[in-house]
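Undergrad: Need coordinates for the below:
(one chain, ligands or ions: 2)
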Amino acid sequence: MGRHYIELHDTTPVCRGDTRNIYEVAELPGSLVKTIRPERVDMSGHFVGKSGMKRLRLEGCYQGFAREMAEYLILSRRLYAQPGFSLPIAHIYGLVQTDQGTGLVMEKIVGADGELAPTIGRLHAEGRLSDRHRAALDAMFERCRDLHIVLNDIHANNIVYTEERSGRPECVCVDGFGERVLIPIHRWFASVNRRKINRIARDATASLTRAPAQERWGRQ
Ligand SMILES: Nc1ncnc2c1ncn2[C@@H]1O[C@H](COP(=O)(O)OP(=O)(O)OP(=O)(O)O)[C@@H](O)[C@H]1O
Ligand SMILES: [Mg+2]
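TA: Ligands and ions are numbered 1, 2, ... in the order given. The predicted structure follows:
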């Protein structure tokens, strides 16, 4: 008998990002399984169209998973004395094999209806963004500064809003955390990381007063 793996080919993703399909799997309640969209990956496991130096990255299409897991493990080490710690990023539960490659199992953040919590981008696009959401976003950035969490690829659809997770209004980063640069200066220096988060928060404030657009925050 072969090794058990999760079959997703007949399942419709509950959500799709630019690079990932997001699945709910009955045997993993309270979790989501993120896979890399198969049409974006070639048979060597690299993103289609990536060439040269980019192919030297040994994790290939899984580099984002590696980055997020490394950040989670660094936080796990720092918070070792606080079992059951809670973070302003979605918790990572592990990896599973699926028929669409390896999947990242992650805490599912839900809204009051039990469905996936809305992103800040969706609330903005629907004209529902209020001071309550903005305050929760500021509080999320402040917790990231305090906990020295590295954020790299942050835009309005990588952050969701919920009141169900802790019973309080809360923003949670579900994608785009972990160090991206080769020399991990944000991981090494909390002051450098704070400045980066300040830039992200500044761009978030400006972006959320304009018409909705897919803008990456903190890139300048
Ligand atoms: N842990 C989570 N809890 C609730 N919703 C989530 C979670 N993770 C992802 N989502 C939803 O799925 C969408 C896509 O997920 P994700 O951002 O991980 O995919 P992606 O392809 O990497 O995105 P990008 O377009 O930023 O590259 C998110 O915008 C969000 O709506
Ligand atoms: Mg995303």
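Undergrad: Near ligand 2, which residues of the protein? Just list them.
TA: Proximity of the chain to ligand 2 (C-beta under 5 Å from the ion) is limited to residues 17, 158, 175. For every residue, glycine as well, the C-beta is placed using N, CA and C.
Undergrad: Among those, which one is most surrounded by other residues?
TA: Most neighbours among the residues of the chain next to ligand 2, by other C-beta atoms under 10 Å: residue 175, with 24 neighbours.
Undergrad: per-residue confidence for the closest residue to that residue other than its chain neighbours?
TA: Spatial nearest neighbour of residue 175, excluding adjacent residues (C-beta to C-beta, 6 or more residues apart in numbering): residue 158 at 4.2 Å. On the pLDDT scale, residue 158 is placed at 97.
Undergrad: ok, the closest residue to ligand 2 within the chain - contacts?
TA: Proximity of the chain to ligand 2 (C-beta to the ion) peaks at residue 175, 3.6 Å away. By C-beta atoms under 8 Å, 6 or more residues apart in numbering, the contact list for residue 175 reads 17, 20, 64, 68, 153, 158.
Undergrad: host element of the third one?
TA: Using DSSP states H and E, residue 64 falls within helix 63-78.
Undergrad: list the buried ones in that helix?
TA: The neighbour-count check on helix 63-78 (16 or more other C-beta atoms under 10 Å) flags 63-65, 67-72, 74-75 as buried.
Undergrad: Going along the chain, name the helices of the chain.
TA: For the chain, the helices defined by DSSP state H cover 63-78, 120-125, 131-147, 185-188, 190-207.
Undergrad: okay, these, which one's buried deepest?
TA: helix 120-125 (a mean of 20; mean count of other C-beta atoms under 10 Å).
Undergrad: Now do the spatially most central residue of the chain against residue 106, distance only.
TA: Closest residue to the average C-alpha location of the chain: residue 175 at 1.3 Å, with C-alpha atoms, centre = their mean. To residue 106, residue 175 is 9 Å away according to C-beta to C-beta, to the nearest Å.
Undergrad: those strands in the protein, which residues are they?
TA: Here the chain has its strands, by DSSP state E, at 15-16, 20-23, 31-36, 92-98, 101-107, 159-162, 170-173.
Undergrad: Need those in TSV (columns: distance to ligand 1 and mean neighbour count).
TA: Listed next are the strands of the chain as TSV, based on distance: least, C-beta to the nearest ligand atom, whole Å; neighbours: other C-beta atoms under 10 Å:
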stretch	distance to ligand 1	mean neighbour count
strand 15-16	4	14
strand 20-23	4	22
strand 31-36	5	24
strand 92-98	9	16
strand 101-107	5	20
strand 159-162	5	24
strand 170-173	7	22
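Undergrad: Next one, pLDDT for the residue nearest to the centre of the chain please.
TA: Residue 175 is given a pLDDT of 98.
Undergrad: Distance check, it against residue 146.
TA: Going from residue 175 to residue 146 by C-beta to C-beta gives 21 Å.
Undergrad: ok and the residue in this protein nearest ligand 1?
TA: Closest to ligand 1 within the chain is residue 17: 2.1 Å, counting by C-beta to the nearest ligand atom.
Undergrad: Next, work out how far apart that residue and residue 158 are.
TA: Distance, residue 17 to residue 158, by C-beta to C-beta: 8 Å.
Undergrad: Just the C-alphas of stretch 25-37, formatted as CSV.
TA: These are the backbone C-alpha positions of stretch 25-37, laid out as CSV (Å, rounded to 0.1, in the frame of the first residue of the first chain):
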residue,chain,number,x,y,z
VAL,A,25,-10.1,19.4,4.0
ALA,A,26,-12.6,17.5,6.1
GLU,A,27,-9.9,15.5,7.9
LEU,A,28,-8.1,18.7,9.0
PRO,A,29,-10.8,20.8,10.7
GLY,A,30,-9.9,24.3,11.8
SER,A,31,-7.1,24.3,9.2
LEU,A,32,-6.6,25.3,5.6
VAL,A,33,-4.3,23.5,3.2
LYS,A,34,-2.3,25.8,0.8
THR,A,35,-0.9,24.3,-2.3
ILE,A,36,1.0,26.0,-5.1
ARG,A,37,-1.2,26.4,-8.2
